[in-house]
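Novice: Compute the structure for the input listed below.
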Amino acid sequence: MSNNRALRSGDRLENGSLINLQALTGESLLEKERRLSEMILQLQMVRDQLLNQQQLHTKVHRGNRNSFDEMKCLVGVIFKLRGQLLNLNFNVARDEAVHLCSMCNQFAVEDTFHYVSVCPVLSEFRVRWLGKKALSESECIEYLNGSDWDKLYNYHMRAWKYRSFLIQEYNT
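Specialist: This is a model prediction of the structure:
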């Protein structure tokens, strides 16, 4: 069957509109123009609907891409927190003398637990994002295991920025 076949009376467009070609035969020129105008309006409506669908699809696609990028960033942060891969003072490759937290004066080892759960300098960020001034070890593990990664991510992003500022300003 050829795709270029002639349109006949009763054929349908994609949107379900009927094409009434029989009206073009045997009617006055004025009536033919009116019907032709109606058909053009129907085609314009179909075009507008298709354009709107395409724009909606494009917006949704962009939204998914942005949320994918955000998810990728969140997963990266959680991966670093869970694996103690942040550039904190505690590191198995560093000398034990530099393992202490450079922000607080508690002579505590600055590992992931200290950073996420108990460092008093970062307590305001914990209260804001995690709901407590300090976390127990089990609460820290719950966050790292996924009880609310969005909250943990938000805490880390703000706390890390503040930590970087303090170290740059006061520890150089």
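
Novice: Give me the helices and strands touching the worst-scoring helix or strand of the chain on mean pLDDT, please.
Specialist: Least confident helix or strand of the chain, by mean pLDDT, DSSP states H and E, is helix 29-82 with a mean of 76. For helix 29-82, the packing partners by 3 or more Cβ pairs under 8 Å, 6 or more residues apart in numbering; DSSP states H and E come out as helix 137-144, helix 149-170. C-beta coordinates here come from the backbone N, C-alpha and C atoms, glycine included.

Novice: what's the spacing between residue 89 and residue 96?
Specialist: From residue 89 across to residue 96, the span is 10 Å (Cβ to Cβ, to the nearest Å).

Novice: roughly how far apart are residue 72 and residue 164?
Specialist: Counting by Cβ to Cβ - residue 72 and residue 164 are separated by 22 Å.

Novice: Oh, that last question was meant for residue 67, not what I typed.
Specialist: Separation of residue 67 from residue 164 (Cβ to Cβ) stands at 26 Å.

Novice: Taking the centroid of the protein, which residue is nearest it?
Specialist: The structure's the chain has its C-alpha centroid closest to residue 67; by Cα atoms, centre = their mean the separation is 1.8 Å.

Novice: I'd like the distance between that one and residue 74.
Specialist: Taking Cβ to Cβ, one finds residue 67 at 10 Å from residue 74.
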